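# Requesting a structural model of the entry that follows:
(2 chains)
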Protein chains: 2
Amino acid sequence: MWQLHQFTLCPFSRKVRLLLNEKDVGYELVPEAPWERRDEFVDLNPDGQTPVMVESARGLVLIDSLAICEYFEETVERSAMLNGAAPQRAEIRRLVAWFDHHFYHDVTAPLLRERMEKRLVHRQPPDAKVLREAMKAAIGHLDYLDWLLDHRTWIGGAALSLADLAAAAHISIADYLGGIDWKGHEGTARWYRGFKSRRSVRPILAERMRGIEPPSHYEDPDF
Amino acid sequence: MWQLHQFTLCPFSRKVRLLLNEKDVGYELVPEAPWERRDEFVDLNPDGQTPVMVESARGLVLIDSLAICEYFEETVERSAMLNGAAPQRAEIRRLVAWFDHHFYHDVTAPLLRERMEKRLVHRQPPDAKVLREAMKAAIGHLDYLDWLLDHRTWIGGAALSLADLAAAAHISIADYLGGIDWKGHEGTARWYRGFKSRRSVRPILAERMRGIEPPSHYEDPDF
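Numbering: from 1, shown residues only, chains lettered A, B, ... in the order given. Sure thing, here's the model as predicted:
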């Protein structure tokens, strides 16, 4: 049985879990607070970040969320998430990088720092200016998504793909932390409503990070 | 003919070029200064970053250095750079992410900001403290590489792979900017000396960024 080292609001672990759930791969969660730099965890992954996946029986350790997703895409045929010919696959990977780098840097990371790390680790209030800037950046990203979804059924093209899972991972964490203003983003909201009702997604949205409550619309598929 | 939008000291473009050279894929360089945010370039790539590859005849635009590398790995069989079974490929991708995220964040990015961007864009002197911290971080990363190369012929395993190309891209840019202290890193230095003499690498090391000179050992394969 695979073990997944993660914490509830880690967007990279969430992307991996969405992929595993879509592919019906079983796994067990191991709660990990990477900011505590637990010795055994740093021994496992010298960069100290989640997610890490371990399968002890075969001595396998997988590190880095994209490397993990590519691994399961290569080894589990069911529900392919990197579909199509090479140019289409490049477009899906471009959008995964967009969310994992740009959206994360502009939106998810500052929200996690201000609303999770400062509360749980430093016992400080969030910086209102940083929060405002992250929320403003989220609006820019959602404008771009609206534009993409005017031209496509799913974010990466005609089929559900890893691009949707990456987008939903980051957007759902940002939404949990009160960073998404859905007004004026009807295209993205419609896509996200559809996504929220999937069997792969619902158990993840039901989880809570202790000490941090999401807004009331967070789990509602018809918000 | 593929066109590659890049600038001389972009580590992500350099990784792509090393792959293209190893695979004997022809391309033409288009000099791009992403910090100028040229309108036509932002139209091509809304995130405004290099590298971007364009093949006008087929209407192809590839964005994000890893998506580009995966594309050429999938479409050009020669000189495979993601070798082996799925766990081995995951290990290569883990190390590519290590260099593209951690080494970049700790070493390449601060060196580029202090020694390139401040000189060319802001006309400011570099911050000595930031430079010292980047050089100290580089020592930590090279310690880890030494350890890996004690156990393996190449960084990702028994064969040359994309992990070596990513490592060499970042290390050579950091070396150009005077950020690498080679003393005490004999394992990594031996690997890098071998790498520098490759036909795929030499023309890249012969290039100069206008206004910024590398140290005298930079291009020397026997430093």
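
# what's the domain layout of chain A?
Chain A is divided into the following domains under automatic domain parsing: A:2-75, A:86-202.

# can you put those in CSV and add distance to residue B:107, mean neighbour count and mean pLDDT?
(Each C-beta comes from the backbone N, C-alpha and C, glycine too.) Below are those laid out as CSV (distance: least, CB to CB, whole Å; neighbours: other CB atoms under 10 Å in any protein chain shown; pLDDT from 0 to 100):
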stretch, distance to residue B:107, mean neighbour count, mean pLDDT
domain A:2-75, 14, 18, 97
domain A:86-202, 18, 19, 97
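
# From chain B, how far off is the residue nearest the centre of chain A?
Note on chain A: the residue nearest the mean C-alpha position is residue A:169, at 2.3 Å, using CA atoms, centre = their mean. From residue A:169 over to chain B the distance is 17 Å, taken as CB to the nearest CB, to the nearest Å.

# Who are the contact partners of that residue?
By CB atoms under 8 Å, 6 or more residues apart in numbering or on different chains, the contact list for residue A:169 reads A:11, A:12, A:14, A:15, A:18, A:99.

# Remind me which helix or strand it belongs to.
Taking DSSP states H and E as the definition, residue A:169 sits inside helix A:162-176.

# Likewise for residue A:149?
Going by DSSP H and E, residue A:149 is in helix A:128-151.

# got the residues of chain A near chain B?
Within reach of chain B by CB under 8 Å from any CB of the partner chain, chain A has these residues: A:46-47, A:60, A:62-64, A:66-68, A:70-71, A:74-75, A:86-87, A:89-90, A:93-94, A:97-98, A:102, A:144.

# Repeat the analysis, applying 7 Å as the threshold.
A:46-47, A:60, A:62-64, A:66-67, A:70-71, A:74-75, A:86-87, A:89-90, A:93-94, A:97-98, A:102, A:144 (CB under 7 Å from any CB of the partner chain).

# Filter those residues down to the ones in strands?
If you go by DSSP state E, the residues of chain A next to chain B have A:60, A:62, A:63 in strands.

# on that earlier part again, can you redo the contacts of residue A:169 as a markdown table with secondary structure?
Listed next are the contacts of residue A:169 as a markdown table, based on DSSP: H, G, I helix; E, B strand; the rest coil:
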| residue | secondary structure |
| --- | --- |
| A:11 | helix |
| A:12 | helix |
| A:14 | helix |
| A:15 | helix |
| A:18 | helix |
| A:99 | helix |
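
# In those, find the pair that's most separated.
Largest separation among those by CB to CB: A:18 and A:99, giving 12.1 Å.

# Helix, strand, or coil at the residue of chain A positioned farthest from its centre?
Ranked by distance from the centre of chain A (CA atoms, centre = their mean), the top residue is residue A:57, with 27.7 Å. Of the three states, residue A:57 takes helix according to three-state DSSP.

# That one and residue A:24: what is the separation?
19 Å (CB to CB, to the nearest Å).

# just residue A:139 next, same as before
Residue A:139 is 36 Å from residue A:24, by CB to CB.

# same deal with residue A:14?
For residue A:14, the distance to residue A:24 - CB to CB - is 17 Å.

# re the thing from before, tell me what the helix holding residue A:149 is packed against?
helix A:109-112, helix A:186-196 (3 or more CB pairs under 7 Å, 6 or more residues apart in numbering or on different chains; DSSP states H and E).

# same thing but 10 Å
Counting contacts by 3 or more CB pairs under 10 Å, 6 or more residues apart in numbering or on different chains; DSSP states H and E, helix A:128-151 packs against helix A:109-112, helix A:162-176, helix A:186-196.

# how big is the angle separating the last one from helix A:162-176?
In this case it means helix A:186-196. Counting by axes from the mean of the first three to the mean of the last three CA atoms, to 10 degrees, helix A:186-196 lies at 100 degrees to helix A:162-176.

# Who are the packing partners of helix A:186-196?
Checking 3+ CB pairs under 10 Å, 6+ apart, helix A:186-196 ends up next to helix A:128-151, helix A:162-176, helix A:202-205.
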